[in-house]
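Novice: Mind looking at a prediction? Sequence and model below.
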Number of protein chains: 2
Amino acid sequence: MPTALIGGASGEWRIDRNEPVRGAALPAAGRLAVLEGAAAGDPRVAAAPAWLLRGVRSYERYVTRAEQAELTARSPALGRTEATRAALIPISKSAAWWAMAQDERRAIFEETSKHIATGLRYLPLVARRLYHGRDLGEPFDFLTWFEFASDGAPAFEELVASLRRTEEWAYVEREVDIRLSR
Amino acid sequence: MPTALIGGASGEWRIDRNEPVRGAALPAAGRLAVLEGAAAGDPRVAAAPAWLLRGVRSYERYVTRAEQAELTARSPALGRTEATRAALIPISKSAAWWAMAQDERRAIFEETSKHIATGLRYLPLVARRLYHGRDLGEPFDFLTWFEFASDGAPAFEELVASLRRTEEWAYVEREVDIRLSR
């Protein structure tokens, strides 16, 4: 079941910032609600949210067994009491990215861009969850959700800046950066 | 947009056989319709089809660049005049399959089970298209569609039998084998 991340007037998270990084922005909204298994028309969703993005947690597309073991061992759960900051970063990649074979995408993703290794450096400081939207026909291929304590904010900025400097990011066609607190 | 493969009273293809290979069967139906972008409730879909399966064409999950180039060069289009036979083989894989890392799945899929190499041996005889249903929450992870001329039927039986003998197939939890003609 897809998870819906809904910008509007209600929700556990306050939206502190909502900025387009590449491509079209998302409309302004005051709060964000995260609802499992919700879609437009769901009685739990406000009549007219500013936006409703959907994605599914799915299987790993790039990690090796060794990377998976390390990620599992070091990844904290979401919902830690001290994690009062969050970020939602929806991105879409170009047709050129999706037309590449698996080994070519993996080479750019990790061998060149060190996406997994970079994320690992910030564990367990920054908890992370990935939702996939591409096969659902959603406007964003991925919704990445991050949670951290307020003193983890500078480290999180480093993490985001590192990823945006990679070769992988040359294939990012649309990106929005949404920061939250609770 | 998902494609719907609909078993019922209408459609271009006559269903000649509909047998469960592993797990639950699909209800009997006389004909199959293939509709781009359709869902239950779509005016093009009969009021109560026997079943409606959905999937999306998506990006390649296992092929390398060299394999992709060979597949592209040798794969015929669907809809060849002489391709009067078809097969629809919906399958789902186990939780153990989906929990594996990418390199482990690739190793079983190709290095051990030769899924890509086996398919290549039957090109251009057997045209093939894969639809992904897993991220959509569909009952089948994959819907594979094959088309061939009537004199290609023995070769198609060989192809299917080869794949079912592989290590990969130990992870197939549900499989239905539907044969069609037009």
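Specialist: Perfect, thanks for sending it. Numbers count the residues shown, from 1 in each chain, chains lettered A, B, ... in the order given.
Novice: only C-alpha atoms for contact and neighbour calcs from this point on.
Specialist: Will do.
Novice: Poorly predicted segments of chain A, please.
Specialist: A:39-40 (pLDDT under 70).
Novice: so where do the helices sit in it?
Specialist: A:65-74, A:95-99, A:102-106, A:115-121, A:153-164 (DSSP state H).
Novice: What helices and strands are in contact with the first one?
Specialist: With contacts defined as 3 or more CA pairs under 8 Å, 6 or more residues apart in numbering or on different chains; DSSP states H and E, helix A:65-74 has these neighbours: helix A:115-121, helix B:102-106.
Novice: still on that earlier bit, deepest of the helices of chain A, which one?
Specialist: helix A:102-106 (a mean of 18; mean count of other CA atoms under 10 Å in any protein chain shown).
Novice: follow-up on the earlier one: columns distance to residue B:88 on top of the helices of chain A, output as TSV?
Specialist: Shown next, in TSV, are those (distance: least, CA to CA, whole Å):
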stretch	distance to residue B:88
helix A:65-74	33
helix A:95-99	25
helix A:102-106	25
helix A:115-121	37
helix A:153-164	42
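Novice: picking up where we left off before, of all the helices and strands packed on helix A:65-74, which one is nearest residue A:60?
Specialist: helix B:102-106 (6.4 Å; CA to CA).
Novice: sorry, back to before: could you provide the helices and strands packed on helix A:65-74 in CSV, with additional columns for distance to residue A:143?
Specialist: What follows is these, written out as CSV (distance: least, CA to CA, whole Å):
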stretch, distance to residue A:143
helix A:115-121, 15
helix B:102-106, 20
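Novice: Of all the ones you listed, which one is nearest residue B:159?
Specialist: The nearest among these, by CA to CA, is helix B:102-106 at 19.5 Å.
Novice: CA atoms of that closest one as CSV?
Specialist: Output of helix B:102-106 as CSV, limited to C-alpha atoms (Å, rounded to 0.1, in the frame of the first residue of the first chain):
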residue,chain,number,x,y,z
GLN,B,102,20.5,-6.6,-5.7
ASP,B,103,23.7,-8.5,-6.3
GLU,B,104,22.3,-11.7,-4.7
ARG,B,105,19.1,-11.5,-6.9
ARG,B,106,21.2,-10.8,-10.0
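Novice: That one and chain A in contact?
Specialist: Yes - Helix B:102-106 reaches chain A (CA under 8 Å from any CA of the partner chain) through B:102, B:103, B:104.
Novice: Just the closest of those residues to residue A:29, please.
Specialist: Among the residues of helix B:102-106 next to chain A, and counting by CA to CA, the member closest to residue A:29 is residue B:102, at 37.3 Å.
Novice: Roughly how far does the closest one sit from residue A:67?
Specialist: 10 Å (CA to CA, to the nearest Å).
Novice: swap in residue A:26?
Specialist: Residue A:26 is 33 Å from residue A:67, by CA to CA.
Novice: and what of residue A:165?
Specialist: Residue A:165 is 22 Å from residue A:67, by CA to CA.
Novice: Could you do residue A:93 as well?
Specialist: Taken as CA to CA, the span from residue A:93 to residue A:67 is 23 Å.
Novice: where along chain A do the strands fall?
Specialist: A:3-8, A:13-22, A:31-36, A:51-55, A:85-93, A:127-132, A:142-148, A:172-181 (DSSP state E).
Novice: from the chain's centre, how far out does the second one sit?
Specialist: Mean C-alpha position of strand A:13-22 versus that of the full chain (CA atoms, centre = their mean, to the nearest Å) differs by 12 Å.
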